[in-house]
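Enquirer: Curious how this folds, go ahead:
(one chain, ligands or ions: 1)
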Amino acid sequence: MKLEPFIEDTKQVLMARAWSQYSENLVVGFSTKNGGVSEEQFESLNLGLHVHDEPDSVISNRKKLADILHFPLESWVCSEQTHKNKIAKVTKKDLGAGVFTYEEGIKDTDGLYTDEKNILLTLGFADCVPLYFFAPSKQLIGIAHAGWKGTVQDIAGEMVLAWKKEDVNPNEIQAIIGPSIGKCCYIVDDYVMNFVKDLDNVDSKPYEKMSDNQYRLELKELNYQLLVRAGIPPENIQVSSYCTSCENQLFFSHRRDGGKTGRMMSFIGLKED
Ligand SMILES: [Zn+2]
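Expert: Numbering: from 1, shown residues only. Presented below is the predicted three-dimensional model:
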């Protein structure tokens with residue numbers, strides 16, 4: 001039985017300290033829906049600017065998170081996520097992208113990585129699977145957003161491929177699969193399943209047929225398989241057991257809340273020594 005990588009830290013965040021053996025300066029975590037100022041369906045720590053919450057509330061919530069993490073907003077990078085598999089390498093030139101307006105985020109990008117210090121990479125979530133990456137030798141850090149679309153387009157493998165081009169051997173990459181909707185709460189239809197069934201060289205497809213056109217799909221496990229397929233050793237991969245839909249007290253859930261809900265953030269940053 002593996003330990004849960006995410007630990008409740010403050011009301012606003014769960015932190016993953018699994019990689020502290022490599023660096024005390026790594027900041028890796030996932031926000032909760034609590035301890036912010038947004039109202040109604042966004043109550044209260046909505047961090048998404050594109051979901052029709054009051055922008056001032058979202059910025060205030062983001063500031064709160066920035067204070068907790070000691071990463072000022074000016075050091076954040078956000079992207080315009082489109083459920084595809086594009087990965088962008090982030091540099092200091094991108095600092096502040098998408099922090100105050102969604103449209104100024106890095107375009108059409110669901111995966112971010114950098115080898116620079118004092119940059120907080122962020123992505124928004126409400127059920128989709130956050131993937132965290134770290135390569136100790138080159139001090140590369142990355143995150144990706146894998147809903148079912150990003151998963152079947154193998155965004156997990158795309159990150160590994162991008163890092164290979166940076167001379168990172170997949171067998172040294174560490175990965176964490178974060179809080180996201182579990183098989184307990186995630187039913188998909190034949191349309192989605194056909195993409196899943198088309199994936200080659202994946203050991204076991206983690207789904208259960210419930211009835212005609214209804215399947216329980218375990219997206220976390222599918223991403224785990226894809227990370228292994230890409231060359232990351234199984235012992236380097238940790239998986240959160242948190243289900244965003246089950247944990248009503250902690251998380252927004254797009255499915256559970258009928259699409260009208262806020263966004264949590266996954267984040268990773270490496271501070272200067
Ligand atoms: Zn669940």
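Enquirer: can you count the residues close to the residue of the stretch 1-150 of the chain found nearest the ion?
Expert: Nearest residue of the stretch 1-150 of the chain to the ion: residue 127, at 9.8 Å (Cβ to the ion). In short, each C-beta sits where N, CA and C put it, glycine included. The tally of other residues near residue 127 (other Cβ atoms under 10 Å) stands at 25.
Enquirer: Test my guess that it contacts residue 253.
Expert: Yes - taking Cβ atoms under 8 Å as the definition, residue 127 is a contact partner of residue 253 at 5.5 Å.
Enquirer: what about the strands in the stretch 101-250 of the chain?
Expert: Here the stretch 101-250 of the chain has its strands, by DSSP state E, counting those that start in this stretch, at 111-114, 120-125, 129-135, 140-146, 174-177, 187-188, 207-211, 214-217, 237-239.
Enquirer: right, so of those, which gets closest to residue 29?
Expert: For residue 29, the closest of the strands of the stretch 101-250 of the chain is strand 129-135, at 9.1 Å, according to Cβ to Cβ.
Enquirer: Please list the residues outside the closest one that contact it.
Expert: 16, 19, 22, 26, 28, 30, 113, 123, 140-147, 150-151, 155-156, 159, 163, 168, 172-180, 219-220, 223, 227, 266, 268 (Cβ atoms under 8 Å, 6 or more residues apart in numbering).
Enquirer: Filter those residues down to the buried ones.
Expert: Buried subset of the contacts of strand 129-135 (neighbour count, 16 or more other Cβ atoms under 10 Å): 16, 19, 26, 28, 30, 113, 123, 140-147, 150-151, 155-156, 159, 163, 168, 173-180, 219-220, 223, 227, 266, 268.
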